[in-house]
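[1] below are the sequence and a predicted model for it; my questions follow.
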Amino acid sequence: MENTLERTVLGLTSELQRERREKVIEKRTNIAITALEAAGLPKAPKVKDIDLDARFRDSLIAAATAANSDTEAQELVAEMIAERRALMQGAAQEGQRGRGAATSTCPWATTAARTPAAPTRACAAWRACARAPA
């Protein structure tokens, strides 16, 4: 009987942890999507079959869900949106001058995936890259 009770408690604990993680992911996803919609960024052109807007949205969600707290998620999402806005404005200005689109050496500018196994390192790498001059 004690063994059955132990298994029940372990099962309920695991289920509770899973539900909590799902709620965190849902909340952080909402943080990213709400901020992106509020930003009203211009649409990026598709490159071949690559939807750059979808990639950026996915990278925002990945960054937000990998953050250590809701506050960190909000700050990181705000930084990424500000960088995207600057990149899009720079590309538009370069396009108007006839030079083509501006480019960035930042790997997070076009990379959709973050490393979930090392979110702190990934977040730190993004922040360092975001602050570096282009």
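    Received it, and whenever you're ready, just let me know what you need. Since we're looking at a predicted model, the values are computed, not measured.
[2] give the next helix or strand downstream of the longest helix belonging to the chain.
    As assigned by DSSP state H, the longest helix anywhere in the chain is helix 2-39. Once the chain leaves helix 2-39, the next helix or strand it forms, by DSSP states H and E, is helix 52-66.
[3] and the helix or strand following that following helix with helix 52-66, angle?
    The helix or strand immediately downstream of helix 52-66 is helix 70-97, counting by DSSP H and E. The directions of helix 70-97 and helix 52-66 differ by 160 degrees, with axes from the mean of the first three to the mean of the last three C-alpha atoms, to 10 degrees as the criterion.
[4] list the helices and strands helix 70-97 packs on?
    Where contact means 3 or more C-beta pairs under 8 Å, 6 or more residues apart in numbering; DSSP states H and E, helix 70-97 is packed against helix 2-39, helix 52-66, helix 119-131. From N, CA and C alone the C-beta is placed, and that goes for glycine too.
[5] got any ranges where this structure has weak pLDDT?
    Applying pLDDT under 70 to the chain picks out residues 92-134.
[6] show me what the longest helix of the chain is packed up against.
    Using 3+ C-beta pairs under 8 Å, 6+ apart: helix 2-39 touches helix 52-66, helix 70-97.
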